[in-house]
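Peer 1: No letters, just coordinates:
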């Protein structure tokens, strides 16, 4: 697992359950039940995702055409076009898409819309369940990215149940009060951080 956990690709599931466009009602229902998922992507033969078929789609088909629904295929019942995300997309963006569309899972596709994985609400929440050591490492990574490495080297990062404390010396090349506020804002923006305190002193 990538220690930065910033993108969909860092948390997505690579092993994907999918059905073809010609899969019938029973096959789809059995697949959903077997893998304990509420929806599966529908890719074409070359892997491009053209839709998603869900339990709701099956129930809608059953309600509308109870006599003939068992003969319907995924290509007929699926919701299209599918709402998808890219592996390099931000985790927050995927979360907003799920919330806005009331979805529990999203297919992850590459630049050619080919299926490469799936991301669920649970996957997105993993980022908030990291241990303190890994969370502190993420904060250090963000500090080095935001500051000159020499400036970041004087900052000690401690994590305790998701609460981050920065101690040490403020970067000597930046205004003290302003920098403290910016660093606190940066730390609070790291997924999984529940609180942040900056205890940095001026350099000697």
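Peer 2: Thanks, I have it. These numbers come from a predicted model, not from an experiment.

Peer 1: Which element, helix or strand, includes residue 137?
Peer 2: Per DSSP states H and E, residue 137 falls inside helix 132-146.

Peer 1: got the buried residues for that helix?
Peer 2: Neighbour-count burial for helix 132-146, with 16 or more other Cβ atoms under 10 Å as criterion, is recorded at 135-139, 141-143. All C-beta spots, glycine's among them, are computed from the backbone N, C-alpha and C.

Peer 1: Same question for stretch 54-70.
Peer 2: Buried positions in stretch 54-70, judged by neighbour count with 16+ other Cβ under 10 Å: 54, 57-58, 61, 69.

Peer 1: Kindly report the same for stretch 163-170.
Peer 2: Here stretch 163-170 shows 164-166, 169-170 as buried, counting by 16+ other Cβ under 10 Å.

Peer 1: Residue 119: which of the buried residues of helix 132-146 is nearest?
Peer 2: Compare each of the buried residues of helix 132-146 with residue 119 using Cβ to Cβ and the shortest gap goes to residue 138, at 19.1 Å.

Peer 1: just to revisit the earlier point, for my notes, please list the buried residues of stretch 54-70 in CSV and give distance to residue 192 for each entry.
Peer 2: Shown next, in CSV, are the buried residues of stretch 54-70 (distance: Cβ to Cβ, whole Å):
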residue, distance to residue 192
54, 30
57, 35
58, 37
61, 41
69, 44
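
Peer 1: residue ranges with poor pLDDT in this protein?
Peer 2: Under the criterion pLDDT under 70, the flagged ranges of the chain are 1-5, 171-178, 202-204.
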